[in-house]
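Engineer: Compute the structure for the input listed below.
(chains A and B)
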Amino acid sequence: MITRMSTLFLRTLREDPADAEVPSHQLLVRAGYIRRAAPGIYSWLPLGYRVLRNVERIVREEMDRIGAQEVHFPALLPREPYEATGRWTEYGENLFRLKDRKGGDYLLGPTHEEMFTLLVRDICSSYKSLPLALYQIQTKYRDEARPRAGILRGREFVMKDSYSFDIDDAGLEASYQRHREAYIRIFDRLGLRYVIVAAMSGAMGGSASEEFLADSEVGEDTYVRSPGGYAANVEAVTTPVPEVIPFDDALPARVEDTPDTPTIDTLVAVANERFPRADRPWTAADTLKNLVVMLRLPDGTREPLAIGLPGDREVDMKRLEAQVSPAEIEAFTEDDFKRNPALVKGYIGPGVLGTTKASGIRYVLDPRIVSGTRWITGADQHGRHVFDLTAGRDFDGEGVVEAAEIRAGDPAPDGSGPLSLARGIEMGHIFQLGRKYAEALDLKVLDQNGKLVTVTMGSYGVGVSRAVAAVAENSHDDKGLIWPRELSPADVHLVIAGKWPEVVAAAEELAAQLDTAGVRVLLDDRKASPGVKFADAELLGVPTILVVGRGVAEGTVELKDRRTGVGNEMSVAEAIETLVGLTGWAWAARLGSVSPGRETAR
RNA sequence: CGGGCUGUAGCGCAGCUUGGUAGCGCGCCGCGUUUGGGACGCGGAUGUCGCAGGUUCAAAUCCUGUCAGCCCGACCA
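Structural biologist: Below is the predicted model of the structure:
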C-alpha cells in the first residue's frame, strides 16, 4: 500500500497543544493521530487509527492462539444484569447511565462480566462445553472523575476483555496461565518495557490477580520490586508481621501530661524532654497514631473507621481504598467530630476505640502492631498521652489493615530483600474471579455425575487504546514518535527531497516497487521544503525513513533508522532488499505464519 | 469533591491594569522566486473574545453568575 501525504487527511502541529501535558498526548495530537472530541473522548485520524488497529490485530492473534473465541457485545446495556450483581450501585458515579423513551434504565458498558456470564448460561449447560474462553474488543465507557493525559485515561476507550469458564479451580488456574502467557506475548510484541506485578482485585471481586504495568514516569500506578524477584502493585504489598513479644515484664501503662502535642513531631519532642527513655531517645516509630476516616458505601451511607498505625508512617489513601473497596474514603470532618464526642482530636487513643469501644467506631490496626508491642498514644483527653500501652494486653483491634505507606527499603513480604518503588501504566490485568458472578447470575452446568455445579470464571483485560499511548510514552524522543515495526502506520516513510522531475519519478518508481514487494509506503509527495518533510517524518515516527534526493542521479538513496538517526547511502536495489528484509518478519507475523518468538528480559 | 491556573482565528499566544477601530507568530488561499533540515517576497481569507446577565453613550477589558479545560490530591484497562 502507498499512502500519499499530498492527499492524506493529516495536519501536523508545530507546537504542543496547550491542554496536553504528557509526551504521548502532545505527540499523538501534534502528529495528527488523534483529536480531542470531548473531555476524555478522542477521535482517531487515519494514521492513528492504523496504529490502533495494529494493536487490535496483535491482541486478536494472541487471543486466537490460546483458543479464545471472539464475540462482540453491545456497548449499550440494560440495567438488570448489573442490578443482579450489585454493580449498578457499586459502580456509582463512574457509570454512564441513560434512559430510553419509555424511561427504562440503560448503561454504557464499563466492563462486561455480567453479559458474558449470562450468554454462557444461555448456551452452555454441560461440563462438556468447558473449558471456554471468550473475548471481545470493545469500546468501554467510564465516567472518570478526572480523565487525564489524552488517551492514556479516557472516558471512552477500547479494551480487549476476555472471560474464562471452568468447571473447577484447577481448570481456572490453567485458563489463567494461558492468558498470562498470551499477555506476555502481546506486550512483548507491542515493544513495551513492562513488569508483571501482584495486584488487588478491586471492584471486580475475586482472588488471584496480576497486573501488567508499562514502565513509565507518567504512570498512575506505583509498584514495588525486590532484588529477589518480588513485584507488586503498591496497593497489594503486604507487610511482614513482626514476632509477637511476650509482655510479662512489660511496664504498666501510665497516662502522662503532654501539653500542646497534637502532632507526632510535637509528641516525640515532649516525650524526650519530660519522659526520656534510658536506652535511647523516643522516635516517631514508638508512637501509635490513630486516624479516623469516613467510608462512603456504594449505597451512599457513611460509616466511620479508625486506623491505628506507627506514627512514623503516613496513610496511603490508595492502599486504604483498595482495602475497603467498593467503599470510598472521605475525610472525617469537624461535624463528624462533633457527632462523636468520645474522639478528642489530636489525642485519640485505643482507649475509646479498641478497649472500651466507647466510640462505637470500628478500629483496625496496621500489621506491625502485634501483641507485646508498646506504644505512646493518645489518652483520649486533651493534652495527655498513654505510655507503654501494650498491644494484646491493653488493647486490640478488630482486624488488620494494610493502609500504611510503603517506603523504599521496606522488606519484601517474601523475604527477598528491600523494596524499590517505580511507576507504571496499567496495560493489562488478569484475575481469577472465581464464582462471584456465576453465583449472582446462576451460571451452573451439569458435571460428570449429573450434578449441577457453579462455574468458576476468570476475567482478563488489555487496554487497547491505552496501549497506543503507552507505547508512545515508552518510545519517543524530542523530535517525535518512534513506533515499533509491528505498530507503525507504515513500514517506510519515503521522503522525496527535491522537486526535480527525475527525483520525483525515481521516488514514484521506488515506491511502486516497494509496494509490489509488500512494503507499506508512506510517501511524502507534498510540495514542501525538505526541512518540513524531515521534521514531519521524525514526528510521525515510522521506524525507517527512506530519502530520495539528488543522489538518485548516481543511483543512490539514503536509508535512515528513526531511532538511532543513523543514515546509510545505498543503491536503490540495496534499499529495496533491506526494507523487504526489515519488514518481512512483520508481514509473516501479520499473516500469522510465524511467532515473533521474542523473549523480553524483565 | 477540595486546592491552583486558564478560556481571544485551525494551533500557540498578546491585548484586560487605565472601557472607545480585535492583534501577533505559525498554519491556510493566490502569484512569483526557492528546494537535503521547519525558505522568501507581494497580495489575501478567517473571530459568537467560553456562555448568560448587569454597569456604561460604549465592554475582550469592569461587576455577578455560570460552563468548560488543564494541573495537584481520593478511582481504573
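
Engineer: phi, psi of A:Arg407?
Structural biologist: phi -120, psi 150 (degrees, to the nearest 10).

Engineer: dump the residue contacts of it.
Structural biologist: Neighbour list for A:Arg407: A:Leu421 [criterion: Cβ atoms under 8 Å, 6 or more residues apart in numbering]. Bear in mind the C-beta positions are built from the backbone N, C-alpha and C, glycine included.

Engineer: Can you check what pLDDT the model gives it?
Structural biologist: pLDDT, A:Arg407: 84.

Engineer: how much space is there between it and A:Glu321?
Structural biologist: According to Cβ to Cβ, to the nearest Å, A:Arg407 stands 19 Å off from A:Glu321.

Engineer: now do A:Ala469
Structural biologist: As judged by Cβ to Cβ, A:Ala469 and A:Glu321 stand 24 Å apart.

Engineer: These two: who's more crowded?
Structural biologist: A:Ala469 (30 against 19; other Cβ atoms under 10 Å).

Engineer: what ranges do the helices span in the stretch 401-550 of chain A?
Structural biologist: A:436-440, A:464-474, A:501-516, A:530-540 (DSSP state H, counting those that start in this stretch).

Engineer: and of these, who's closest to A:Arg57?
Structural biologist: When the helices of the stretch 401-550 of chain A are compared by Cβ to Cβ, helix A:464-474 sits nearest A:Arg57, at 10.4 Å.

Engineer: What is the closest one packed up against?
Structural biologist: Applying 3 or more Cβ pairs under 8 Å, 6 or more residues apart in numbering; DSSP states H and E, we find helix A:464-474 packed against helix A:23-30, helix A:46-65, strand A:156-166, strand A:209-215, strand A:420-434.

Engineer: And the contacts of the lowest-mean-pLDDT helix or strand in chain A?
Structural biologist: Taking mean pLDDT, DSSP states H and E as the measure, helix A:334-339 is the helix or strand of chain A with the lowest mean score, a mean of 72. When contacts are defined by Cβ under 8 Å, 6+ apart, helix A:334-339 is touched by residues A:292, A:294, A:304, A:343, A:345.

Engineer: Just send those residues back as CSV, with secondary structure, distance to RNA strand B and pLDDT too.
Structural biologist: As requested, those are exported to CSV (DSSP: H, G, I helix; E, B strand; the rest coil; distance: Cβ to the nearest atom of the strand, whole Å; pLDDT from 0 to 100):
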residue, secondary structure, distance to RNA strand B, pLDDT
A:Val292, strand, 15, 83
A:Met294, strand, 11, 79
A:Pro304, strand, 16, 81
A:Leu343, coil, 21, 76
A:Lys345, coil, 19, 75
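
Engineer: what sits against A:Val315?
Structural biologist: Counted by Cβ under 8 Å, 6+ apart, A:Val315 has contacts A:291, A:293, A:307, A:309, A:403-405.

Engineer: which of those residues sit farthest apart?
Structural biologist: Within the contacts of A:Val315, A:Val293 and A:Glu405 form the most distant pair, 14.8 Å apart (Cβ to Cβ).

Engineer: Show me which of these two is the more surrounded one.
Structural biologist: A:Val293 (21 against 16).

Engineer: what's whatever helix or strand comes next after the least confident helix or strand of chain A in contact with?
Structural biologist: Downstream of helix A:334-339, the first helix or strand assigned by DSSP states H and E is helix A:350. The contact list for helix A:350 (Cβ under 8 Å, 6+ apart) reads A:288, A:290, A:308, A:363, A:377, A:389, A:394-395, A:397.

Engineer: What distance do you get for the residue most central in space within chain A to RNA strand B?
Structural biologist: With distances taken as Cα atoms, centre = their mean, A:Glu426 lies nearest the centre of chain A, 1.9 Å away. Applying Cβ to the nearest atom of the strand, to the nearest Å, the value for A:Glu426 to RNA strand B is 4 Å.

Engineer: measure that residue to A:Glu273 for me?
Structural biologist: From A:Glu426 to A:Glu273 the distance is 48 Å (Cβ to Cβ).

Engineer: what separates A:Arg60 from A:Ile425, distance-wise?
Structural biologist: Taking Cβ to Cβ, one finds A:Arg60 at 22 Å from A:Ile425.

Engineer: Apologies, that question was intended for A:Thr333.
Structural biologist: For A:Thr333, the distance to A:Ile425 - Cβ to Cβ - is 34 Å.

Engineer: picking that back up, got JSON lines for the helices and strands packed on helix A:464-474, with mean pLDDT too?
Structural biologist: Below are these laid out as JSON lines (pLDDT from 0 to 100):
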{"stretch": "helix A:23-30", "mean pLDDT": "89"}
{"stretch": "helix A:46-65", "mean pLDDT": "95"}
{"stretch": "strand A:156-166", "mean pLDDT": "93"}
{"stretch": "strand A:209-215", "mean pLDDT": "90"}
{"stretch": "strand A:420-434", "mean pLDDT": "89"}
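
Engineer: want to throw these into JSON lines with distance to A:Thr261?
Structural biologist: As requested, the helices and strands packed on helix A:464-474 are exported to JSON lines (distance: least, Cβ to Cβ, whole Å):
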{"stretch": "helix A:23-30", "distance to A:Thr261": "47"}
{"stretch": "helix A:46-65", "distance to A:Thr261": "56"}
{"stretch": "strand A:156-166", "distance to A:Thr261": "49"}
{"stretch": "strand A:209-215", "distance to A:Thr261": "41"}
{"stretch": "strand A:420-434", "distance to A:Thr261": "31"}
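
Engineer: And for whatever residue of the stretch 351-500 of chain A ends up closest to RNA strand B, the neighbour number?
Structural biologist: Closest contact between the stretch 351-500 of chain A and RNA strand B, by Cβ to the nearest atom of the strand, is at A:Gly463 (2.9 Å). By other Cβ under 10 Å, 26 other residues sit near A:Gly463.

Engineer: Kindly report the same for A:Pro276.
Structural biologist: A total of 11 residues lie near A:Pro276 under the criterion other Cβ under 10 Å.

Engineer: Let me know the pLDDT of it.
Structural biologist: 80.

Engineer: Excluding chain neighbours, what is closest to it?
Structural biologist: Nearest-residue entry for A:Pro276: A:Trp282, 7.7 Å, with adjacent residues in sequence omitted and distances by Cβ to Cβ, 6 or more residues apart in numbering.

Engineer: just checking, the one you found touches A:Asn272?
Structural biologist: Yes - here A:Trp282 reaches A:Asn272: they are 5.2 Å apart, a contact under Cβ atoms under 8 Å.

Engineer: gap between stretch A:572-585 and the chain center?
Structural biologist: 38 Å (Cα atoms, centre = their mean, to the nearest Å).

Engineer: residues making contact with it?
Structural biologist: With Cβ under 8 Å, 6+ apart as the test, stretch A:572-585 has contacts from A:485, A:491-492, A:506, A:510, A:513-514, A:517-520, A:544, A:546, A:552, A:555-557, A:559, A:570, A:594, A:596.

Engineer: of those residues, list those near RNA strand B.
Structural biologist: Applying Cβ under 7 Å from any atom of the strand, the subset of the contacts of stretch A:572-585 adjacent to RNA strand B comprises A:Val557.

Engineer: By neighbour count, sort out the buried ones in the contacts of stretch A:572-585.
Structural biologist: A:485, A:491-492, A:506, A:510, A:513-514, A:517, A:519-520, A:544, A:546, A:552, A:556-557, A:559, A:570 (16 or more other Cβ atoms under 10 Å).
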